[in-house]
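S.K.: coords please:
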Amino acid sequence: MNSFTQKLTDFSNRLAKQRYISAIKDSFMNMMPLIICGSFAILFQNVICSTQEGYLSLANIPGLSFLSVLSPMFSAINYACMNFMAIGIVMMIAVHIGESFDNHDKAIGLNAVACFITLCATTLEQTVTSPSGEEFTAVIANVLSSKYTSASGLFVAIFVGIFSARLYLFFASMKKLEIRLPESVPAIVSKSFAVLLPVVFSVFITSAVGLAFRLTVHMTVFDAITAFIQAPLTKVLTGLPGYLLIYVIANLLWCLGINGTQVLSAVTTPVLLSALLENTQAHMAGTAMPNVINASFASAYTYITGSGFTGGLMIAIFLFSKRDDYRSIAKLELPCAIFNINEPIVFGLPIVMNPLMAIPFVLAPAAASVVAYFLTNIGFAGTMYIQAPWTTPIFIQGFLSSGGSIGAGITQLICLAVSTAIYTPFVLMANHQAVPKAEEQA
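M.R.: Got it, this is the predicted structure:
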């Protein structure tokens, strides 16, 4: 058993450190400030500028209707941050992969963007109704649809970021392709010409791949990746059974001392962020939001107070634990738990390699997710469509992520009570365990 556990741990560690998974994970971390900024722009637009009847907004207060003039500013911020997400991801993935090979060329990120855009359609067919009522199709040239550049293009951005970076690095490693200019030429100019051919070959090859797709399978690369990779993954991860499975696996990895959330983030983050953006766009359009499960749902209900929903464990310890070591660790963890950081209790209690505490560590977030899913479906909690910072405390995070739903904040507290109830029997069982001696712990 120990041998199997060690092999699984080694495999998971190698997977987490794998250069492409690390590049994807780090790129999404790079984008997080912009994603949060764009989300808060929508929140401010709702609570400051909305004049829609029934909205709790400053602009609806008599004498403050002039605040509605700020609405285009917040819309522009959201558009800038959220609708070009794929562009930022493709660039950052290429940069991180380059750095993993000790290549710090600035051109590698721009090269990735160019490769990505060669796969995008730059004409748009739009149905237009003439003044006489006749409908016809107008072809608009030289445009780039947000379906390519927003979260819906994230999977293509991931593949193109990796593909374009490897092409660039392959050709950049060939010294014969480096164009050398006289020493009298400024260094910045010489560097631009030195990477010229790697850029040319990378962009041409990527564009040729896109053309080959259209000619052979009569689909664009975007359509193929969306149909055969993104759509099935989205269906699985935004459905409750698949969502629970992926986070049960993540928490089992945590019990082995591996950050399971980070290990699986290369798969979960693009899907759940895309689902969140769909909700944001639906909210802005005034239509029903399609995805109960999305990135904010995970933050608010699955790993609030930290992975394993350990806020419930802390409450159970304060209420029922007779062990001084448990109570001491819980006191140290309390300030961290408020901001959803729980490494002190995961490694200090410990939960890692602790079969007794591993069971509720896996069960509590799963049960909380089921409760939150049900309460959102019946309309008690508002559907999430805003990405609040992951360190936002419980209740406030639910309130903000749902655009001001008190029910969502209360649902978080209900989930905390569920978590406490699940942890309590195991805390009581731990009271009967022998407390490790200091020399044994050392």
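S.K.: can you tell me the closest non-neighbouring residue to the residue nearest in space to the middle of the chain?
M.R.: For the chain, T269 is the residue whose C-alpha lies nearest the centre (C-alpha atoms, centre = their mean; 3.4 Å). Leaving aside its sequence neighbours, T269 sits nearest to F28 (C-beta to C-beta, 6 or more residues apart in numbering; 4.9 Å). (C-beta placed from N, C-alpha, C; glycine too.)
S.K.: residues contacting the one you found?
M.R.: 89, 265, 269-270, 273 (C-beta atoms under 8 Å, 6 or more residues apart in numbering).
S.K.: okay, and it sits in which element?
M.R.: Taking DSSP states H and E as the criterion, F28 maps to helix 19-44.
S.K.: tell me if I'm right that S68 and C49 touch.
M.R.: Yes. S68 is in contact with C49 according to C-beta atoms under 8 Å; the separation is 5.0 Å.
S.K.: still on that earlier bit, so the residue nearest to the centre of the chain touches S299, yeah?
M.R.: No. Look at T269 against S299 with C-beta under 8 Å: they stay out of range, at 11.4 Å.
S.K.: what sits in contact with each of these two?
M.R.: The contact sets of T269 and S299 do not overlap (C-beta under 8 Å, 6+ apart).
S.K.: list the contacts for A141?
M.R.: 122-123.
S.K.: now it, which residues is it bridged with?
M.R.: T123 (DSSP bridges).
S.K.: do you know how far it is from T149?
M.R.: 17 Å (C-beta to C-beta, to the nearest Å).
S.K.: got it, and I21?
M.R.: 24 Å.
S.K.: the more surrounded of these two?
M.R.: Neighbours were counted for I21 and for T149 using other C-beta atoms under 10 Å; T149 has more, 22 against 18.
S.K.: wait, that one sits on G88?
M.R.: No. Applying C-beta under 8 Å, one finds T149 not in contact with G88, separated by 9.3 Å.
S.K.: my read: S39 touches A388, true?
M.R.: Yes. Using C-beta under 8 Å, S39 is in contact with A388, at 7.1 Å.
S.K.: compare these two (neighbour count), which wins?
M.R.: Neighbours were counted for S39 and for A388 using other C-beta under 10 Å; S39 has more, 27 against 21.
S.K.: which residues does that one contact?
M.R.: Counting by C-beta under 8 Å, 6+ apart, S39 has contacts 78, 82, 280, 386-388.
S.K.: can you check L43 too?
M.R.: Neighbouring residues of L43 by C-beta under 8 Å, 6+ apart: 386, 400, 403-404.
S.K.: quick one: it and S152, what's the gap?
M.R.: Taking C-beta to C-beta, one finds L43 at 22 Å from S152.
S.K.: go on, L181?
M.R.: Taking C-beta to C-beta, one finds L181 at 42 Å from S152.
S.K.: quick one, which of the two is more surrounded?
M.R.: Neighbours per residue (other C-beta under 10 Å) separate L181 from S152, with S152 holding more: 22 against 14.
S.K.: that one against S274, yeah?
M.R.: Yes. If you go by C-beta under 8 Å, S152 and S274 touch, sitting 5.9 Å apart.
S.K.: list residues touching both of the two?
M.R.: Common neighbours of S152 and S274 (C-beta under 8 Å, 6+ apart) are Q230.
S.K.: may I see the buried residues of the helix holding F28?
M.R.: Within helix 19-44, the residues scored as buried using 16 or more other C-beta atoms under 10 Å are 20-28, 30-31, 34-36, 38-44.
S.K.: what of stretch 297-315?
M.R.: Counting neighbours by 16+ other C-beta under 10 Å, one finds that the buried residues in stretch 297-315 are 297-315.
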